[in-house]
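J.: here is my input; please provide its structure:
(one chain, ligands or ions: 2)
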Amino acid sequence: MKRLACLFVLLWPVYSQAGSDVHSFADIDSYRQTHLALDLSADFANRRLLGTATLRFERGTGGPLVLDTRDLLIRAVSLDSGQSSKLLPFELGPHHHILGRSLTIHLPESLSGEFLLTIRYETEPEASGLQWLNARQTAGGTHPFLFSQSQAIHARSWVPLQDTPAARITYEALISTPPELLAVMSAERLADQSGDGKHVFVMRQAIPSYLLAIAIGDLTFAPIGPRTGVYADPAVLEAALAEFEDTEKMLEIAEELFGPYRWERYDLLILPPSFPYGGMENARLSFITPTVLAGDKSLVSLIAHELAHSWSGNLVTNADWEDFWLNEGFTTFLEGRITGALYGERQRRMEERLGYEALLAAFDEMEPQFEKLRVELEGVDPDAVFSVVPYEKGRLLLDWLAAEFGNEIFNEFLNAFFDRYAFKSVTTDDFLAYLQNHLLDKFPGKVSMQQVHEWIYQPGLPATAIIPPTGVFAEVEQMRTEWLAGQLPAEEIDATRWSTQDWLFFLNNMPQKLSQPQLRALDKAFALTESGNNEIAHSWLRIAIRNNYRPAWPRLERYLLSIGRNKLIKPLYQDLAKTAEGLEFARRIFEQARPGHHPQTVFVIENVLYPDPGQS
Ligand code: BES
Ligand code: ZN
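T.: Numbers count the residues shown, from 1 in each chain. Ligands and ions are numbered 1, 2, ... in the order given. The predicted model follows:
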C-alpha cells in the first residue's frame, strides 16, 4: 500500500497535463479536487447562497491546501471521515483585484490518498458570478430570479474550489429555494417538481469549474425533441420554442460531424435580458440571451455555437485562459460546420464574412499582443481583454488547415483529437504536438509548423489566411453602392428577401459619415430605429451615434436600459464615449442602467466610460 502511494506521488507530475494557471491560487499538483457536493439555500431577501460545499481531494505532493474564493464568507472548514468531522484551521489571503482571495487550509500531516473537506460559507450579494434580479427585471414580472455566470474566473465567487479549468470535478447538489421557484443546474435534475423547494442534481461527467452553473426562477420546461428542450419564463416559452425548434436536429448533425454527444441531454435556458453574454455553454444546459429571439430563427447559430462547445471546450478544455482560443476558435469553426449542414453553405459563408469583418474591426482597436491566438495573461483580467480574436482568428486557422488537408481528413483529425483528449484539459502546446504527429507529419509537404506558429504567436493575420469573400453579399453590396451614389432612392432598395445577415453587411459597411437626409431616408424606408431585431438595431444605432442622428436617441436609450449583453451594448458605449457630449449622455444612461446590470456588465462598461486606472 505504502509503495503504491509512493508510486502515485512519483507519477503525479506526469498525470497532471496542465501548465500553471495564472488565474488560480490553487496548485493542482499538491492536491486535486475530484468531486463536489453542494448543499445550498437561496436567500432571495438577502441575496445570498448559504450552506456547504464538500470537496473530495486526491493528495498529490501535499502541503497546505489552497483554494480560490472571491467575496465569500467562510464560516468553517472541517475534515470529514466516516461519522466524525474535525474542524481545521484556515486563513484567507489578501484581496487580489483579479483573483480574489486564496483560502489556505491546514491539513493534518498524516493525510494521504483521498479525503473530504466541508466548507460552510455564504456568498456576498455582489458576488461577481451571480446576478440576483427582482421580479420587475424578469419577463413574467412576478418572481425574482438568480443566475450564475462562472466563466472565466467567477465560480470562486459562489463556490470555494480550485477554480482552474485544468482540474475537473463531478458534482451533486441539493438546492433549497422558495417553493414556487424552480432550480436548474449544469447537471441532471433528479427531483422534483413537487413544489417543496428542494431540488436535487447530479453531474456524472467530470467538468471544469467554469461550467458549474445554477439558475432559479419562475421557469417552465417544454421539450423540443427526445434529448432537447427549453426552460424559460412562461412569458417567453412559446417564442423560445419556435425560435429554437431546430435544436434536436442540430444535435443530430453535430454528432454526425464530431462523434457521439457525451452529455446525455442538451437543454436551453432562456435568461432575462441582463444576461451579460449571448450564450454560455454550461454542461447539458446552455444559458441563452433572450436578445436572439428575433422571431425568424436568423440568430440561431448562437445555439450551434453553444452546442458545439459540447465537444470543443466542455469535452476537450483549455487548460487555462491563455489557451482560450482552443475553446472558442475550435467552437466557432464547428459552429460554421453545423450551420452549413443545417442551413446551407451560403448561410455559413455570410456569417463567416461578418465574423471576419468583426475581427478586422477588433484588430483596429487593440494592442498587438492580444491579436495573437495564444495570449499572455499574467496580471491581466480575462474579462478585460475578451474579444473576437480567439473566435474568428481561431476559426480562420482551422479553415486554412481544412482547406490544405481537405475537409474529410481534417474532420477525422478533429474527431480523433476530441477522442484523445476527451474529459481532459489541453494547452496550445498539447494541440501543436498532436497536430504535428497526426496531421503535419502524416501528410508532409502541405503545412509547416512554422506557418502554424505564425498564426498562434504573431499578431494580425498571416498571409496564409483564406479571406472569406464578399461574394455572398454581392447584391446587397451593389445596392449600397448605388444608394450611396444617389442612383437608387432608399425606398427602391429591394430588401424584401434580405436576411438579418444581409442587413448587417449592408449597415456595417457604410462609410463613417452619412448625411441627415440619407439617414432619414433609410429609416423611413425600413424603420431601422424601431427594428425588433437586436443585431440590426445594434448596427443601425452605431451609425446613428457616429452621425449624431437624433431621431434614434430615444431608441438608443431604451436599448441601453433594457439589454445587458456586452457584445451588443459595449460598442455603443464606446462609440458614444468618443465625444464629450456622447460620453456625458452615456454616463447618465449607464448610471440609470447600473442597478439592473450584471456585475460583469458593470465591470466591462465601467472600463469604457471611466477608463482611469484606480476608479471603482
Ligand atoms: N463561452 C462563451 C461565453 C464566455 C466567454 C463567457 C468567456 C465568459 C467568458 C460562449 O460560448 C460564447 O462564445 N458566446 C458568444 C456567442 C457566440 C455565437 C460568439 C456570445 O456570448 O456572444
Ligand atoms: Zn463560445
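J.: and K424, how far from R168?
T.: 8 Å (Cβ to Cβ, to the nearest Å). Yep, even glycine has a C-beta here, placed from its N, CA and C like the rest.
J.: next: A384.
T.: Using Cβ to Cβ, which is the criterion applied here, A384 is 26 Å from R168.
J.: okay, the two: which has more neighbours?
T.: Comparing A384 with R168 by neighbour count (other Cβ atoms under 10 Å), the higher total belongs to R168, at 19 against 11.
J.: neighbours of the closest residue to ligand 2 within the stretch 351-500 of the chain, how many?
T.: As assessed by Cβ to the ion, ligand 2 sits closest to Y391 within the stretch 351-500 of the chain, at 7.0 Å. A count of nearby residues for Y391, using other Cβ under 10 Å, gives 24.
J.: does it sit in a helix, a strand or a coil?
T.: Following DSSP: H, G, I helix; E, B strand; the rest coil, we place Y391 in the helix state.
J.: which residues touch it?
T.: E328, G329, T331, T332, G355 (Cβ atoms under 8 Å, 6 or more residues apart in numbering).
J.: can you give me the buried ones in stretch 477-488?
T.: Neighbour-count burial for stretch 477-488 flags E477, M479, R480, W483, L488 (criterion: 16 or more other Cβ atoms under 10 Å).
J.: hey, which helix or strand in the protein has the poorest pLDDT?
T.: Lowest mean confidence among the helices and strands of the chain (mean pLDDT, DSSP states H and E): helix 2-15, at a mean of 42.
J.: could I get the average pLDDT for whichever helix or strand comes after it?
T.: On the C-terminal side of helix 2-15, the closest following helix or strand by DSSP states H and E is strand 31-43. The average pLDDT within strand 31-43 is 98.
J.: can you give the strand pairings for strand 31-43, parallel or anti for each?
T.: When pairing is defined by DSSP bridges, strand 31-43 lines up against strand 48-59 (antiparallel), strand 168-176 (parallel).
J.: can you say which of those strands is nearest to ligand 1?
T.: strand 168-176 (16.9 Å; Cβ to the nearest ligand atom).
J.: report the rounded mean pLDDT for the closest one.
T.: 98.
J.: tell me the first helix or strand C-terminal of that strand.
T.: Counting by DSSP H and E, what follows strand 168-176 is strand 182-185.
J.: who are the packing partners of that following strand?
T.: When contacts are defined as 3 or more Cβ pairs under 8 Å, 6 or more residues apart in numbering; DSSP states H and E, strand 182-185 sits against strand 168-176, strand 198-208, strand 214-217.
J.: per-residue confidence for the residue in the stretch 1-150 of the chain positioned nearest to ligand 1?
T.: Using Cβ to the nearest ligand atom, Q149 is the residue of the stretch 1-150 of the chain that sits closest to ligand 1, at 6.6 Å. Listed pLDDT for Q149 reads 98.
J.: also F603?
T.: According to the model, F603 scores 96 on pLDDT.
J.: I figured it hits D383, correct?
T.: Yes: F603 lies in contact with D383 (Cβ atoms under 8 Å); the separation is 6.0 Å.
J.: which one of these two is surrounded by more residues?
T.: Ranked by neighbour count (other Cβ under 10 Å), F603 and D383 place D383 first, with 19 against 16.
J.: got the contact list for that one?
T.: A152, Q600, F603, V604.
J.: so which bits of the stretch 451-600 of the chain are right by ligand 2?
T.: For the stretch 451-600 of the chain, no residue is in contact with ligand 2 (Cβ under 5 Å from the ion).
J.: quick one, strands of the stretch 351-500 of the chain?
T.: For the stretch 351-500 of the chain, the strands defined by DSSP state E, counting those that start in this stretch cover 424-426.
J.: where in it is pLDDT low?
T.: Filtered on pLDDT under 70, the stretch 351-500 of the chain yields no residues whatsoever.
J.: re the thing from before, just send the strands paired with strand 31-43 back as TSV, with distance to Y434 too.
T.: Conversion of the strands paired with strand 31-43 to TSV gives the following (distance: least, Cβ to Cβ, whole Å):
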stretch	distance to Y434
strand 48-59	26
strand 168-176	19
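J.: still on that earlier bit, where do the contact lists of K424 and R168 overlap?
T.: T317.
J.: enumerate the residues of this structure near ligand 1.
T.: By the rule Cβ under 6 Å from any ligand atom, the part of the chain lying against ligand 1 is 151-152, 277-281, 302, 305-306, 309, 328, 386, 391, 567.
J.: now do the contacts for the spatially closest residue to K198 that is not a sequence neighbour.
T.: Once flanking residues are discounted, K198 sits nearest to S176: 5.9 Å by Cβ to Cβ, 6 or more residues apart in numbering. Contacts here follow Cβ under 8 Å, 6+ apart; on that basis S176 touches L40, S41, A42, G51, G197, K198, H199.
J.: which of those tops the neighbour count?
T.: A42 (25 neighbours).
J.: list the contacts for that residue?
T.: Contacts of A42 by Cβ under 8 Å, 6+ apart are L49, L146, I175, S176, T177, P178, L181, A183, I216.
J.: adding distance to ligand 2, write those out as TSV.
T.: Converted to TSV, those look like this (distance: Cβ to the ion, whole Å):
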residue	distance to ligand 2
L49	26
L146	23
I175	26
S176	32
T177	29
P178	32
L181	28
A183	24
I216	24
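J.: buried subset of the residues you listed?
T.: L49, L146, I175, S176, T177, L181, A183, I216.
J.: widest-spaced pair of the residues you listed?
T.: L49 and L181 (13.5 Å; Cβ to Cβ).
J.: just the closest residue of the protein to ligand 1, please.
T.: Closest point on the chain to ligand 1, by Cβ to the nearest ligand atom, is G278, at 2.8 Å.
J.: narrow the buried residues of stretch 477-488 to those in helices?
T.: E477, M479, R480, W483 (DSSP state H).
J.: can you redo the residues you listed as CSV with distance to A206?
T.: Compiled in CSV, those are given as follows (distance: Cβ to Cβ, whole Å):
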residue, distance to A206
E477, 48
M479, 52
R480, 50
W483, 55
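J.: now A422, nearest residue through space, not along the chain?
T.: The spatially closest residue to A422, leaving aside those adjacent along the chain, is L315, at 5.3 Å (Cβ to Cβ, 6+ apart).
J.: neighbours of the one you found, how many?
T.: Neighbourhood size, L315 [other Cβ under 10 Å]: 22.
J.: what sits against it?
T.: R262, F418, Y421, A422, F423.
J.: tell me the two of these that are most distant?
T.: Most distant of the contacts of L315, by Cβ to Cβ, are R262 and Y421, 12.6 Å apart.
J.: one step back: from the contacts of D383, which is closest to ligand 2?
T.: Among these, and counting by Cβ to the ion, the member closest to ligand 2 is A152, at 11.6 Å.
J.: what's the helix or strand for the closest one?
T.: Residue-wise, A152 maps onto no helix or strand under DSSP H and E.
J.: any idea which residue sits dead centre in this protein?
T.: M280 (4.2 Å; Cα atoms, centre = their mean).
J.: check contacts around that residue.
T.: Counted by Cβ under 8 Å, 6+ apart, M280 has contacts Q149, Q151, A213, S286, F287, E306.
J.: can you name the residues bridging to it?
T.: Going by DSSP bridges, M280 forms beta bridges with F287.
J.: distance of it from A433?
T.: Distance from M280 to A433, by Cβ to Cβ: 30 Å.
J.: again with V380
T.: 26 Å.
J.: which one of these two is surrounded by more residues?
T.: V380 (17 against 12).
J.: now that one: closest residue in space that isn't a chain neighbour?
T.: For V380, the spatially nearest residue (Cβ to Cβ, 6+ apart) is I98, at 7.6 Å.
J.: which phi and psi does that neighbour have?
T.: phi -100, psi -40 (degrees, to the nearest 10).
J.: show me the contacts for it.
T.: Contacts of I98 by Cβ under 8 Å, 6+ apart are H23, I153, G379, V380, D381.
J.: would you map the helices across the stretch 401-550 of the chain?
T.: Here the stretch 401-550 of the chain has its helices, by DSSP state H, counting those that start in this stretch, at 407-420, 428-435, 449-457, 474-484, 500-508, 516-526, 534-546.
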